[in-house]
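J.: give me the fold of what follows.
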Amino acid sequence: MIQATYDATTLISASAVKSEFTAFYNQPTAPHKVLKQNFKIVAKVTNIAFVGDLAQVRFTKQTLPTAGQSADPIPPQKMIATIAFKFGAEVA
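T.: Take a look at the predicted model:
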């Protein structure tokens with residue numbers, strides 16, 4: 001799943017975004033290198049609000065062990081992402 005997302009993002013992104021994205025995933029502290037097969041990240045979208053050409057996405061993010069419940073579960077984090085977009089028939 002990570003590889004497919006990585007490939008799609010590098011294929012459709014502008015060169016500046018592609019460079020930043022690949023640098024993030026190639027570093028030693030990249031999430032897939034730190035979490036490996038021991039943990040998974042679960043994100044749940046709670047709200048999407050459109051403000052002009054921006055979308056504000058509120059979501060929770062939780063790190064869960066893949067082998068079942070942990071004695072000390074990590075509580076979910078409430079997060080917000082602001083995403084710029086352009087809707088139209090032309091591809092930039």
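
J.: got the contact list for the lowest-mean-pLDDT helix or strand in the chain?
T.: Ranking every helix and strand in the chain by mean pLDDT, DSSP states H and E puts helix 31-35 at the bottom, with a mean of 84. Contacts of helix 31-35 with the rest of the structure, by CB atoms under 8 Å, 6 or more residues apart in numbering, involve I2, Y25, I41, T63. Yep, even glycine has a C-beta here, placed from its N, CA and C like the rest.

J.: and the protein, what are its domain boundaries?
T.: The record's domain parsing of the chain by automatic domain parsing lists 1-36, 37-92.

J.: what helix or strand is the nearest residue to F50 once chain neighbours are set aside located in?
T.: Among residues not flanking F50 along the chain, Q56 sits closest, at 7.9 Å (CB to CB, 6 or more residues apart in numbering). Assessed by DSSP states H and E, Q56 sits inside strand 54-65.

J.: check which element follows that strand along the chain.
T.: Once the chain leaves strand 54-65, the next helix or strand it forms, by DSSP H and E, is strand 77-84.

J.: what angle do that next one and strand 54-65 make?
T.: Using axes from the mean of the first three to the mean of the last three CA atoms, to 10 degrees, the direction of strand 77-84 lies 140 degrees away from that of strand 54-65.

J.: now do stretch 7-18: distance to the chain's middle.
T.: The chain centroid and the centroid of stretch 7-18 are separated by 14 Å under CA atoms, centre = their mean, to the nearest Å.

J.: show residues contacting that stretch.
T.: Residues from elsewhere that reach stretch 7-18 (CB under 8 Å, 6+ apart): F21, T22.

J.: state the mean pLDDT of it.
T.: Stretch 7-18 comes out with an average pLDDT of 91.

J.: next one: stretch 74-81
T.: 94.

J.: what does it contact?
T.: Contacts of stretch 74-81 (CB under 8 Å, 6+ apart): Q56, V57, R58, F59, T60, K61, Q62, T63, L64.
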